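Peer 1: below: sequence and its predicted model.
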Amino acid sequence: MSVVVTVRETAEGTLVAAADVDCLGETYEDGAVSLTVEESFYDGEGAEELSPAAAVDRFGRVTPRISSASSVSRPQSTPVSSTRGAC
């Protein structure tokens, strides 16, 4: 199992995104909500394919810098239960 991780700077702050490589290209739907895991989103500068343990380590290095920013909002999210473990 491998995870692709990318870190990008946006107008709103730092975006850290990760996906199981087996999920790339897949589309998940739950009612009116649809999400396609686009490979192109995870390509490019700053993208890395890592083991799950290395991905967790990567998040650990990035998260303290992000969470200390005063402008970071913490919206609540609701997982889409029908897609858990789908890959």
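Peer 2: Arrived safely. Numbering: from 1, shown residues only.
Peer 1: quick one: the helices in this structure?
Peer 2: Remark: helices assigned in the chain by DSSP state H are 39-42, 52-67.
Peer 1: worst mean pLDDT among those?
Peer 2: Here the lowest mean pLDDT among those goes to helix 52-67, at a mean of 65.
Peer 1: so what's the nearest residue to Glu9 once chain neighbours are set aside up against?
Peer 2: Spatial nearest neighbour of Glu9, chain neighbours left out: Leu15 (7.6 Å); criterion: CB to CB, 6 or more residues apart in numbering. Placement of C-beta: from N, CA and C, glycine included. Contacts here follow CB atoms under 8 Å, 6 or more residues apart in numbering; on that basis Leu15 touches Val7, Arg8, Glu9.
Peer 1: dump these to CSV, plus distance to Val37 and neighbour count.
Peer 2: Shown next, in CSV, are the contacts of Leu15 (distance: CB to CB, whole Å; neighbours: other CB atoms under 10 Å):
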residue, distance to Val37, neighbour count
Val7, 17, 18
Arg8, 16, 13
Glu9, 22, 9
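Peer 1: what is the nearest of those residues to Ser34?
Peer 2: The shortest approach to Ser34 among the contacts of Leu15 belongs to Arg8, at 22.5 Å (CB to CB).
Peer 1: report the beta-bridge partners for the closest one.
Peer 2: Counting by DSSP bridges, Arg8 is bridged to Leu15.
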